[in-house]
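Visitor: Compute the structure for the input listed below.
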Amino acid sequence: MNSGRVSTADNPALQDLIDTFDMLGDWEERYRYLIELGRKLPDMPEAEHDEAHKVRGCMSQVWLAGDVDAEQRLHLRGDSDAHIVKGLIALILALTDGRTAREVLDTDIKAAFAQLGLESHLSMNRRNGFYAMVERIRQMAATAATAAG
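Guide: Predicted coordinates:
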């Protein structure tokens with residue numbers, strides 16, 4: 001898990017993101033792409049924009065919610081009041097949504113973040129918020145894995 005790189009064979013969504021980021025080139029275009037990813041997120045139910053789903057540690061307003069199906073696959077939803085942060089949510093969900101709790105726990109999302117070059121191109125506050133979102137999703141996955149026995 002702490003190898004510093006995520007196998008794109010295990011997560012084809014990561015390879016798609018890497019390819020797209022490489023194709024875009026400069027960071028202005030990459031930021032626009034992140035914003036576009038965020039705009040494509042399905043609407044999160046208004047009832048989930050509450051304290052129970054709010055992610056602490058983010059400068060922006062961020063909410064994450066999810067369900068686990070019979071096959072232990074996480075189905076995640078997220079929203080933010082900030083465009084780039086909403087794009088970061090979309091990126092995290094691309095790597096985790098629809099995967100089993102074990103697959104989510106085995107994915108080093110922080111390494112994927114670094115592979116995409118985001119580590120050095122976001123402010124410290126945004127990085128901290130990103131890691132808070134990752135931790136929330138990992139907690140959801142750990143809860144699902146424990147419930148599965």
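Visitor: Work out for me the element Leu41 sits within.
Guide: Following DSSP states H and E, one finds Leu41 outside all helices and strands.
Visitor: Quick check: bridge partners of Val68?
Guide: Leu74 (DSSP bridges).
Visitor: Was I right to think it contacts Ala147?
Guide: Yes - Val68 lies in contact with Ala147 (CB atoms under 8 Å); the separation is 7.5 Å. The way it works is simple: take the backbone N, C-alpha and C, and place the C-beta from them, glycine included.
Visitor: Compare these two and say which is more crowded by neighbours.
Guide: Val68 (19 against 10; other CB atoms under 10 Å).
Visitor: now this structure, which segments are flagged as low pLDDT?
Guide: Applying pLDDT under 70 to the chain flags the ranges 1-10.
Visitor: Strands along that one, start to end?
Guide: For the chain, applying DSSP state E gives strands covering 62-68, 74-80.
Visitor: And the residue nearest the centre of the chain?
Guide: Nearest to the geometric centre of the chain sits Ile92, at 1.4 Å (CA atoms, centre = their mean).
Visitor: Look through the protein and tell me its longest helix.
Guide: helix 124-148 (DSSP state H).
Visitor: what's that one packed up against?
Guide: Other elements packing on helix 124-148 under the criterion 3 or more CB pairs under 8 Å, 6 or more residues apart in numbering; DSSP states H and E are strand 62-68, strand 74-80, helix 83-96, helix 101-106, helix 109-115.
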